[in-house]
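>>> Sequence and computational prediction follow.
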Amino acid sequence: MSASRLFSPFGFTVTLLFLFHVQPALSADVRSCGAKGDGQADDTAAIQKAVDSGGRVSFPKGVYRVTKPIVIELDKTGFTSLAGDGVARVVMAGAGAAFRFVGTHAGSADPEQVKPNVWERQRMPMVDGLEIVGAHPEADGIEATGTMQITITRTTVRDARHGIRLATRNRNVLIADCHIYHNRGIGVFYDDVNLHQSNISGCHISYCAGGGIVSRGGNVRNIHIGTCDIEMNMATNAPPTANVLIDCSGSRAGTAEVAITGCTIQHGGKAPGCANIRVIGRGDTAKGQPIARWGHVTITGNVLSDVKVNVHLRDARGVVITGNTFYMGYEHDLLVEESSNIVVGPNNFDRNPLYGYGDAAKVNGGVVFRGSSDCTLDGLHINGAWRKPAALMIEKCDRFNIANCTILDSDNAGLLLKDVTNSKVAGCMVRDDRRDAKPGPSLKVEGGRGNWIVQNLLSNGCEAAPTTARVEGNQDGK
């Protein structure tokens, strides 16, 4: 209760009584709950005690050793945030996640499916400013299940198994300005999770042996990856993976509606089968229905380099690739297999001599489509594909529209159509002006039918049997 006196213009005072209830902001300092923070003592019980009190759990400067997961049961603790201000380290010396957030949200992001207890006790759990270090072979950083709006910012996870693991079901995840570094497994792991609406922005994700950002199985929609540096997330002694891996195989719902924008994604070293971005889109469907090809992926405005394959699509549908810089693809810059409705717009596939390329004999580059249909390639710039049958190779494909591409100084044919049907090549320029080069034909057609080759500038001509393509209006520029 509080009282206030108001002075009236009529010469008397009025006293007003206000009745109200104030719920104090809860805050717990892990030291006040018994944590030593000396890197030696087991601080598990003390930190769990602080977390169980709910509210803001602060970690003063120190090294806090824990031996089993700190479990934040949000419906019991209420609103919870973990704050380290960049001065606290948590060493996970046991198996499992250092911090495991457990909510009860079982719906979608539709407001009508969010139960009152989620809004009143669980929404937006936070981790900010902590360093988490793994000190056990099965130690993870952060795990979330059943959460709504979990927000992880300015946090480092290193030397763990998985950095951030999203499991079972979550909604509206934000991961920003984090360093996920040198982990034995996966950096950010969508682990057979039902999760729609997640943003990963401004993060460094590197040197994680199992992949940088990986989605496997589950039902995942709306992954937004932006302005991140994602590097070297693979190992020579581990199964093939990618800096960004979307693997829908075996999943009925798959992963779709993905945007990868404005990132530097690079480096795989000598790791077998490594890729910068790999989308495996085939998933299981109900009996009697055709196999699904998951996709709806946009890849734009990224710098991609130094792996076996820069971008690899298999069994995907509805992928747009535009405005990227590709270089140092040891096997391929772009490899597309058994996919459909792929649109590749202006991209730069280059061999810039300023980079030196180290062992240049191992850098081949080039663009390959196999077993695919209904694709548009417009405005590609390909320079310096070496030791390939062609810089741009289209094999066993149907209904391709290839237009306005520039293909320069590449070995063998510039553009090869092999067993291609019902496709058009128009307005392209293909030249090889290297000194002492022995180029093949600028454009070559082997097999196929129903193709139209029209109004291209082909410095070394076109080889096509009359049964394979209609060829007209092309020039050699000489």
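That came through fine. Residues are numbered from 1 along each chain as shown.

>>> Which of the helices and strands in the chain ranks last by mean pLDDT?
Taking mean pLDDT, DSSP states H and E as the measure, the chain has strand 13-18 as its least confident helix or strand, at a mean of 42.

>>> After that strand, heading C-terminal, what element do we hit next?
strand 27-29 (DSSP states H and E).

>>> which parts of that following strand are buried?
A28 (16 or more other CB atoms under 10 Å). In this view, the C-beta of every residue, glycine as well, is placed from N, C-alpha and C.

>>> ok, whichever helix or strand comes after it: who's next to it in the sheet?
Going down the chain from strand 27-29, the next helix or strand is strand 38-42, by DSSP H and E. Looking at strand 38-42 with DSSP bridges, its partner strands are strand 62-66 (parallel).

>>> Quick check: buried residues in the strand it pairs with?
62-66.

>>> swap in stretch 161-176?
Residues 161-176 are the ones in stretch 161-176 that count as buried (16+ other CB under 10 Å).

>>> do the same with stretch 116-128
118, 121-128.

>>> Now do the helices in the chain.
Remark: helices assigned in the chain by DSSP state H are 44-52, 74-77, 116-117.

>>> Looking at the ones you listed, which is nearest to A235?
helix 44-52 (30.8 Å; CB to CB).

>>> Only C-alpha atoms, please: export that closest one in CSV.
Written as CSV, here are the backbone C-alpha positions of helix 44-52 (Å, rounded to 0.1, in the frame of the first residue of the first chain):
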residue,chain,number,x,y,z
THR,A,44,26.7,-28.8,-10.2
ALA,A,45,24.4,-28.7,-7.1
ALA,A,46,25.0,-25.0,-6.4
ILE,A,47,24.2,-24.0,-10.0
GLN,A,48,21.1,-26.3,-10.1
LYS,A,49,20.0,-24.6,-6.8
ALA,A,50,20.3,-21.2,-8.4
VAL,A,51,18.5,-22.3,-11.6
ASP,A,52,15.7,-23.8,-9.6
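
>>> Give the other helices and strands that it contacts.
Applying 3 or more CB pairs under 8 Å, 6 or more residues apart in numbering; DSSP states H and E, one finds that helix 44-52 contacts strand 27-29, strand 55-58, strand 62-66, strand 70-73, helix 74-77, strand 80-92.

>>> Dump these into CSV; add mean pLDDT and distance to N456 as well.
Below are the helices and strands packed on helix 44-52 laid out as CSV (pLDDT from 0 to 100; distance: least, CB to CB, whole Å):
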stretch, mean pLDDT, distance to N456
strand 27-29, 86, 70
strand 55-58, 97, 65
strand 62-66, 98, 65
strand 70-73, 98, 62
helix 74-77, 97, 62
strand 80-92, 98, 58
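
>>> Adding distance to S442, write these out as JSON lines.
Below are the helices and strands packed on helix 44-52 laid out as JSON lines (distance: least, CB to CB, whole Å):
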{"stretch": "strand 27-29", "distance to S442": "71"}
{"stretch": "strand 55-58", "distance to S442": "66"}
{"stretch": "strand 62-66", "distance to S442": "64"}
{"stretch": "strand 70-73", "distance to S442": "63"}
{"stretch": "helix 74-77", "distance to S442": "63"}
{"stretch": "strand 80-92", "distance to S442": "58"}
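
>>> All good on my end, thank you.
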